[in-house]
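Colleague: What would the 3D arrangement of this be:
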Amino acid sequence: MSATPKDVRHALEQYIKAWATNDKALLLSLFAEDAAFCDPVGTPEFKGREAIGKFWEFAHQGVAREVTPVLEEIRACANEGILRFTMQVRVPAANQGLDLSVVEYAVLNDAGKITSLRAFWDESSASVPAGMDFFAPDVSEAYQK
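Modeller: Coordinates of the predicted model:
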């Protein structure tokens, strides 16, 4: 049986929860073994759970970065969904920050696992939190680990 809009909504809510609670295991459990994750669209995909885990490690840089998603909207139709949120990235030791407005498009398989997740954002999606210096992550670093 195909994934339903309810399944999509649940998966995307859990995806946000994983980022919010720093739960890598939860995040990876949401993806199919052969899933493709692209963040942002136009960069090479991370294919499979292990590669997606490497992106997670890049995003967190151990404890050096704090990442907090602020959910704005989920839309679900059939086995596909759109997730809109702001990822608040903070590097306290350097007093740097970034608020990144992101739209992600997800497709789920019949088992309710994410098979494809594509993030849409660009320079115009970024803003600097008050009182902080701009943090500009280099996504290419995620492919080097």
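
Colleague: Quick check: beta-bridge partners of the nearest residue to F31 once chain neighbours are set aside?
Modeller: Take F31 and drop its neighbours on the chain: the residue closest to it by Cβ to Cβ, 6 or more residues apart in numbering is I114, 4.9 Å away. C-beta: built from backbone N, CA, C; applies to glycine. On the basis of DSSP bridges, I114 is bridged to F31, L108.

Colleague: Now for I114: which residues touch it?
Modeller: 11, 15, 30-32, 35, 106-108 (Cβ atoms under 8 Å, 6 or more residues apart in numbering).

Colleague: for those, which one is nearest A3?
Modeller: Proximity to A3 was ranked across those by Cβ to Cβ; first place goes to L108, at 3.9 Å.

Colleague: K17 contacts A25, doesn't it?
Modeller: No - with contact defined as Cβ atoms under 8 Å, K17 does not count as touching A25 (12.0 Å).

Colleague: Beta-bridge partners for the closest residue to A126 other than its chain neighbours, please?
Modeller: Nearest non-adjacent residue to A126, counting by Cβ to Cβ, 6+ apart: L100, 5.3 Å away. L100 has these beta-bridge partners by DSSP bridges: M87, A126.

Colleague: Now do the same contact list for L100.
Modeller: Neighbouring residues of L100 by Cβ under 8 Å, 6+ apart: 86-89, 121, 125-126.
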